[in-house]
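Participant: 3D, please:
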Amino acid sequence: MASKAPLIVVEDLRVKVAEKEVLKGLSLTINAGETHVLLGMNGSGKSTLAYAIMGHPNYTVTGGKVFFEGEDLLAMEPDERARKGVFLAFQHPISVPGVSVANFLRTAYQARFHGAVVKATDKSGGKDTGFSVMEFQKKLMGAMKELHIDTTLATRYLNEGFSGGEKKQMEILQLAMLQPKFAMLDETDSGLDVDKLATVGAGANAMAKKHNMGILIITHYKRMLNYVPPTHAHLLLDGKVAVSAGPELADEIDQHGYDVAKKKYAKAG
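Facilitator: Numbering: from 1, shown residues only. Modelled structure (predicted):
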């Protein structure tokens with residue numbers, strides 16, 4: 001019996017941002033159920049990798065390949081990548097005035113699982129008879145309670161007037177509702193106080209385990225890893241993975257800093 005293909009494979013990826021080459025031959029493989037952490041200093045290319053995988057138009061892939069469940073991810077439009085099960089939790093989630101949390105998530109949920117969009121007032125589900133607005137609402141309320149999110153936020157405009165912690169909770173709520181196969185958490189710990197970090201981190205870890213997701217955590221620090229323990233750790237230097245190891249690599253960098261790690265691993269990549 002043939003072995004199952006890795007969830008995501010990045011091969012010799014090269015990416016330019018505003019004509020500057022940021023990723024210079026990055027390679028990485030992640031399987032379902034694994035949690036990888038990508039560590040690196042500012043400007044090393046961590047977020048660039050996430051945006052390139054997601055298909056952001058400002059990030060130009062100039063070389064290399066990315067496969068998702070054996071398929072050519074780079075050949076897909078960004079919305080197709082999302083429907084396939086690729087997800088990015090943003091470092092700085094944007095506000096969407098005029099669109100409630102519930103309506104935003106309903107549209108995303110239906111696109112992910114039912115391939116069409118219906119009006120919230122269409123209780124029959126429109127052309128897609130497999131979609132039920134009432135069932136979606138029940139799932140949404142259940143997910144918010146499970147993640148300890150104030151359910152009244154569902155009626156407010158997405159991230160409009162939300163605190164930093166509430167915005168990050170909305171990212172994890174999307175994770176829970178959309179159940180991606182591969183999720184990238186781009187500095188999700190940024191700007192969170194201790195209590196919100198615990199809530200957001202525990203929520204992300206619970207969803208990852210519940211749905212056997214492959215996770216890529218992008219961060220400078222170890223504190224998020226206390227709540228979402230990694231199985232693998234990678235150090236990114238000058239646009240390449242300089243070294244890949246177990247979670248002990250994150251401990252090493254946390255204890256000794258990036259300058260020491262750079263001197264030790266600069267020639268390894």
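Participant: so residue 162 sits in a strand?
Facilitator: No: under DSSP: H, G, I helix; E, B strand; the rest coil, residue 162 sits outside any strand and is assigned coil.
Participant: just give the closest residue to it, not the sequence neighbours.
Facilitator: Among residues not flanking residue 162 along the chain, residue 170 sits closest, at 7.0 Å (CB to CB, 6 or more residues apart in numbering). (C-beta placed from N, C-alpha, C; glycine too.)
Participant: so the one you found is in contact with residue 156, correct?
Facilitator: No: taking CB atoms under 8 Å as the definition, residue 170 is not a contact partner of residue 156, at 10.1 Å.
Participant: between these two, what contacts are shared?
Facilitator: Residues touching both residue 170 and residue 156 (CB atoms under 8 Å, 6 or more residues apart in numbering) are 101, 162.
Participant: among those two, which residue is more densely surrounded?
Facilitator: A direct count of neighbours by other CB atoms under 10 Å for residue 170 and residue 156 places residue 170 higher, at 20 against 15.
Participant: ok, that one to residue 134 distance?
Facilitator: From residue 170 across to residue 134, the span is 22 Å (CB to CB, to the nearest Å).
Participant: again, but for residue 254
Facilitator: Taking CB to CB as the measure, residue 254 falls 47 Å from residue 134.
Participant: looking at the two, which one has more neighbours?
Facilitator: Higher neighbour count among residue 254 and residue 134: residue 254, with 13 against 9, using other CB under 10 Å.
Participant: list the contacts of the more buried one.
Facilitator: 221-222 are the contacts of residue 254 under CB under 8 Å, 6+ apart.
Participant: secondary structure element for it?
Facilitator: helix 248-265 (DSSP states H and E).
Participant: using CSV, write out every CA atom in that helix.
Facilitator: Extracted in CSV, the C-alpha atoms of helix 248-265 (Å, rounded to 0.1, in the frame of the first residue of the first chain):
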residue,chain,number,x,y,z
GLU,A,248,14.8,21.7,21.8
LEU,A,249,16.0,24.1,19.1
ALA,A,250,13.3,26.6,20.4
ASP,A,251,14.6,26.2,23.9
GLU,A,252,18.2,26.8,22.8
ILE,A,253,17.3,30.0,21.0
ASP,A,254,15.2,31.2,23.9
GLN,A,255,18.1,30.7,26.3
HIS,A,256,21.0,32.0,24.1
GLY,A,257,19.4,34.3,21.6
TYR,A,258,19.6,34.7,17.8
ASP,A,259,23.1,36.1,17.7
VAL,A,260,24.5,33.0,19.2
ALA,A,261,22.3,30.8,17.0
LYS,A,262,23.3,32.7,13.9
LYS,A,263,27.0,32.2,14.6
LYS,A,264,26.4,28.5,15.2
TYR,A,265,24.1,27.7,12.3
